[in-house]
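1. Provided below are the primary sequence and the corresponding predicted coordinates.
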Amino acid sequence: VAGERGEQLVFSVESFEVVSDGWKVELSVANQSTTSYRVVSTVERPFGLMVFSSGDYEELLEQNENGTLPTVRRATSYSPHLPAILEPGDSWSGTISAPGALVANGWVRVVFGALVSVVEQRDVVPWISDNTYRLRP
């Protein structure tokens, strides 16, 4: 959840799965604010996964502060497609996925691209999941 009560963006991960040819995540984002947001997935701000060496939340905060976050493993498929705009009260649920192996014993966090306020273009909300998923060999 990002924002103050009544002005929140709610990010949820329903499931994460390693499949025979890659990975997939069922997720959602809800706009519980009074602002419309563009949903952005670009090279600079993709939806996808980050693989960390531990599940420690402090590690995430430290790497974010130091600008040393892992490279995002970008989603290549979205079902259904991401909406261009998420209006107040709207939500989007779907599956993102990509081919490719993931490092065994790593810890995965889901990255939600970015939401950009249509009113205040500088109001960019990136989101990386609080919860981690352990990759087992």
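-> That came through, no problem. Numbering: from 1, shown residues only.
2. Name the residues of stretch 101-117 that are buried.
-> Along stretch 101-117, these residues count as buried under the neighbour rule (16 or more other Cβ atoms under 10 Å): G106, W107, V108, R109, V110, V111, F112, G113, A114, L115, V116. All C-beta spots, glycine's among them, are computed from the backbone N, C-alpha and C.
3. Tell me the one among those residues nearest to T132.
-> The closest of these to T132 turns out to be W107 (Cβ to Cβ; 4.3 Å).
4. distance of that closest one from F47?
-> Counting by Cβ to Cβ, to the nearest Å, the gap from W107 to F47 is 18 Å.
5. other SSEs contacting the worst-scoring helix or strand of the chain on mean pLDDT?
-> One helix or strand of the chain scores below all others by mean pLDDT, DSSP states H and E: strand 124-128, with a mean of 87. Contacts defined by 3 or more Cβ pairs under 8 Å, 6 or more residues apart in numbering; DSSP states H and E place strand 124-128 against strand 8-19, strand 107-117.
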